[in-house]
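>>> coordinates only, sequence not included:
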């Protein structure tokens, strides 16, 4: 996601309340719970896992949970800072060879740092978001300290192949190794979650035999809401974003290989009088600009670049339809935001995206890689304003199943149950779990 979560002026680090040996914080709802979140990516990184983790941390803090996050430093040096009530423990980091925007925690000394942090904080639970350097090291350290581990999987090998320049002939073998490694790390967790039922099935299909609970990333239905203004207001919003006042298909996310933005550009070139707005940064921008020119659509493919967190809702209000061609989405927060904003969705029929599309009701699915089919579906959506608005209303209703508050409540309960030693399979209440998973009828 191309949004910013970094406060311009960090506040003074706070000292966490002292917990005496042998005691646990109170079990009052929303009070006294202390969580240590471990992640290998966190804002200012721009990606779905970083975005989710930041929203989770801040949302839990607003519920009264004491939240600490341990993650790589964006500038190399280690430091501790509090932002919006969340205490960030930034670990010494180094540039990665995979991507210019990715920094890796320096492994040397990380285990000792985490041991000291666990001894000082005595968290009720640890929640790891990745299985790389921070996630795996914290998982091992937490188990040695007797702290229960909750793990959320955001990983698919396909999302790394292009960054790591894995040849096509080796990808199947590398994927098997990657899944094996993931299973080994997740086996150290007491409770494993994923954003969707499809993502949970994927883990089971890859040989993970433990209970996996779908918990939606959630969406802020107040912040992301449908456009209610008239034509003049829509023109004003579009002009503010540098967009002409015409039918607009939208994509929000990284401009990287695995997002398959080529398909969106080729589709836009085949739908007359429709422009494509691309919001985000990434390694493929120059190549995509060249493709738009080659397709004769340079004047209708608009690269808006980075858009601030505060301005993001208005981006969706400028659009008529949201389009996404990726085949490696475990949920897609951007699609949820578009739905909450009242937009129809045209999405690739792959991985978890079908979970967000009811064909003919809030949009359509298209065969992955088939830009002709994508173009036909976009043309169908924008051809009839009445049907487009009805689809948008149904998108909004579907997004309401993914309320951020339900996801936060579910995670907090998972932490409390994990701290009490309740087995994972025994701690999934039907109604609460269904609501947090965004299931129909919940």
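Happy to help now that I have it. Everything numeric here is computed off the predicted structure, so don't read it as measured data. Numbering: from 1, shown residues only.
>>> dump the residue contacts of the closest residue to residue 220 other than its chain neighbours.
Spatially, and ignoring its direct neighbours in sequence, residue 220 is nearest to residue 404 (5.1 Å; Cβ to Cβ, 6 or more residues apart in numbering). All C-beta atoms are positioned from the backbone trio N, CA, C, and that covers glycine. Applying Cβ atoms under 8 Å, 6 or more residues apart in numbering, we find residue 404 in contact with 55, 59, 218-221.
>>> same thing but at 7 Å, please
Going by Cβ atoms under 7 Å, 6 or more residues apart in numbering, residue 404 touches 59, 218-220.
>>> all helices of the stretch 251-400 of the chain, in order?
Under the criterion DSSP state H, counting those that start in this stretch, helices of the stretch 251-400 of the chain are mapped to 261-268, 285-294, 312-317, 333-340, 371-383, 385-399.
>>> show me the shaky parts of the chain.
In the predicted model of the chain, residues 1-31, 98-101, 425-442 satisfy pLDDT under 70.
>>> which residue is nearest the middle of it?
The residue lying closest to the centre of the chain (Cα atoms, centre = their mean) is residue 48, at 2.8 Å.
>>> distance of it from residue 41?
Going from residue 48 to residue 41 by Cβ to Cβ, to the nearest Å gives 9 Å.
>>> what sits in contact with each of those two?
The contact sets of residue 48 and residue 41 do not overlap (Cβ under 7 Å, 6+ apart).
>>> circling back: the residue nearest to the centre of the chain contacts residue 333, correct?
Yes: counting by Cβ atoms under 7 Å, residue 48 does reach residue 333; the two are 5.4 Å apart.
>>> against residue 371, how distant is the residue nearest to the centre of the chain?
Counting by Cβ to Cβ, the gap from residue 48 to residue 371 is 23 Å.
>>> repeat that for residue 38.
Separation of residue 38 from residue 371 (Cβ to Cβ): 40 Å.
>>> do residue 224 as well
Distance, residue 224 to residue 371, by Cβ to Cβ: 28 Å.
>>> equivalent analysis for residue 418, please.
45 Å.
>>> just residue 283 next, same as before
Residue 283 sits 21 Å away from residue 371, going by Cβ to Cβ.
>>> and the nearest residue to residue 344 once chain neighbours are set aside, what does it touch?
Excluding the flanking residues, the one nearest residue 344 by Cβ to Cβ, 6+ apart is residue 391, at 3.8 Å. With contact set as Cβ under 7 Å, 6+ apart, residue 391 has these partners: 344, 361-363, 381.
>>> now the buried members of those residues.
Neighbour counting by 16 or more other Cβ atoms under 10 Å classes 344, 362-363, 381 among the contacts of residue 391 as buried.
>>> from those, which two are the most distant?
Farthest-apart pair in the buried ones among the contacts of residue 391 is 362 and 381; separation 10.1 Å (Cβ to Cβ).
>>> quick check: neighbours shared by these two?
By Cβ under 7 Å, 6+ apart, residue 362 and residue 381 have these common neighbours: 344, 391.
>>> picking that back up, neighbour-wise, which of residue 283 and residue 371 wins?
residue 371 (21 against 15; other Cβ atoms under 10 Å).
>>> I'd like to know how far that one sits from residue 237.
Residue 371 is 28 Å from residue 237, by Cβ to Cβ.
>>> equivalent analysis for residue 62, please.
On the measure of Cβ to Cβ, residue 62 and residue 237 end up 29 Å apart.
>>> cool, thanks, talk later.
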